[in-house]
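# how would this look folded up:
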Amino acid sequence: MTAVVTDPELRRKCAAVALTLAVAAVYYGAARLGLLEQLVRGQVTPLWPPTGIALAGLLLFGLRVWPGIALGAFLINVSIGPTALTVLAIAAGNTLAPVCSYLLLRRVGFHNDLDRLRDALTLVFLGALGGMVISATVGTGVLVLAGALPAGDFWPTWSVWWAGDAMGVLVVAPFLLVLRRARWPRDVPLRRWAEAAALGAGTIAVTLLVAGGTSASLLFLVFPFLIWAAFRFELAGAASCALVISTLAILAAGRGAGPFAHQDLFTSMFTLQALNGATALTALLLAAVITERNRTHEEIRRLCGRLTGMVAAMPQRPFADQWQTSDDPDEGGPDGRAHGR
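Below is the predicted model:
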């Protein structure tokens, strides 16, 4: 017979442990996927999805999930870190970075719905570019101090580490924040489904075409699809397209294919992160602006409807009631004739 937990406190503790283990498992799995495209010393990648997962988990569940982030970071670094002390330091940096980003975002009143322009800007500059300086600095510095990395490679490694963590936040976190609100749409016209399918197929096809080409100047061809997604499907469409574009571009960079062929590490990373950064910024900022515009339009329409109802409910006075009669010679005299006033 299965025992049923009836104590509320025990149930709460069991739920907290389950949530911690779930976050650790998802963090570890995402880290394994990220390591498939490692570029420096088997552990530094151009896109580190766990940072996006960690920040999204903190935004959705609060600081109570930080032990799961720490556990996942420790487990993934055990197999690739040179020493136990290095592993602990890197895991601490990987935990501290999203926690600091979370605290900064909460301090400025960040909305998880990303429905305002200020939310997109704070996620970019505080959550990604600012907060991830911590993990990159701690991780790269520890590797240099441990002798696992030459001192001359500090800045190239730091740039890849920082960019990878920042891209994880910009690409993965918005997608997860949208995903948690996703519901199967009802009563959606067939043409809407056809448009979504065309958008997805077009985004994949153009990204593969660009990634398989030889000219980096063709990378701009993906932006019309981001604009299309933001205007027609707001953040849900823009975040999904940005994730697809960044993933396919990273796979091409890892293979040294297309515009990333015959380039050194710095040039390849600069091209890749310029594309990923521009993609994420375009998706987030444009989707936020469109969402704000649509919300304002809906609010104006609602207020106009209320005003129309109020006007219709007002009593209508006949036109003749607006004329008066008076014995005052200045206002018509005793003959009963009235003059309008």
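
# any idea how far residue 84 is from residue 90?
For residue 84, the distance to residue 90 (Cβ to Cβ, to the nearest Å) stands at 11 Å. Where you see a C-beta, it was placed from the backbone N, CA and C, and this is true even at glycine.

# With residue 49 instead?
From residue 49 to residue 90 the distance is 17 Å (Cβ to Cβ).

# Residue 25 too?
According to Cβ to Cβ, residue 25 stands 19 Å off from residue 90.

# More neighbours: the two, which one.
Remark: of residue 25 and residue 90, residue 90 carries more neighbours, 26 against 14, as counted by other Cβ atoms under 10 Å.

# Residue 137 is in contact with that one, correct?
No. Counting by Cβ atoms under 8 Å, residue 90 does not reach residue 137; the two are 11.3 Å apart.

# Run a quick neighbour tally on residue 160.
25.

# scratch that, residue 8 is what I was asking about
Neighbour count of residue 8, defined by other Cβ under 10 Å: 8.

# just residue 183 next, same as before
That count, for residue 183 with other Cβ under 10 Å as the rule, works out to 5.

# Could you verify that it is part of a strand?
No. Residue state for residue 183 (DSSP: H, G, I helix; E, B strand; the rest coil) corresponds to coil; a strand is not indicated.

# So which helix or strand of this protein has the lowest pLDDT on average?
Ranking every helix and strand in the chain by mean pLDDT, DSSP states H and E puts helix 265-313 at the bottom, with a mean of 88.

# wouldn't residue 71 be in contact with residue 20 here?
Yes. Assessed by Cβ under 8 Å, residue 71 is found in contact with residue 20 at 6.9 Å.

# rewinding a little: report all helices and strands that the least confident helix or strand of the chain contacts.
Contact here means 3 or more Cβ pairs under 8 Å, 6 or more residues apart in numbering; DSSP states H and E; on that basis helix 265-313 packs against helix 117-122, helix 154-179, helix 223-255.

# ok now it, how far from the chain's centre?
Centroid separation for helix 265-313 versus its chain: 13 Å, with Cα atoms, centre = their mean, to the nearest Å.

# what inclination does it have with respect to helix 154-179?
30 degrees (axes from the mean of the first three to the mean of the last three Cα atoms, to 10 degrees).

# any idea of the angle helix 265-313 forms with helix 223-255?
Using the same axes, to 10 degrees, helix 265-313 lies at 150 degrees relative to helix 223-255.

# ok, now which ones touch residue 130?
Residue 130 sits next to 101, 104 when contact means Cβ atoms under 8 Å, 6 or more residues apart in numbering.

# Okay, it and residue 119: tell me how far apart.
15 Å.

# Just give the nearest non-adjacent residue to the most centrally placed residue in the chain, would you?
Nearest to the geometric centre of the chain sits residue 174, at 2.1 Å (Cα atoms, centre = their mean). Counting by Cβ to Cβ, 6 or more residues apart in numbering, residue 174 lies nearest to residue 239, which is 4.3 Å off, once chain neighbours are set aside.

# Surely the one you found touches residue 282?
No. Contact criterion Cβ under 8 Å: residue 239 and residue 282 do not qualify, at 11.4 Å.
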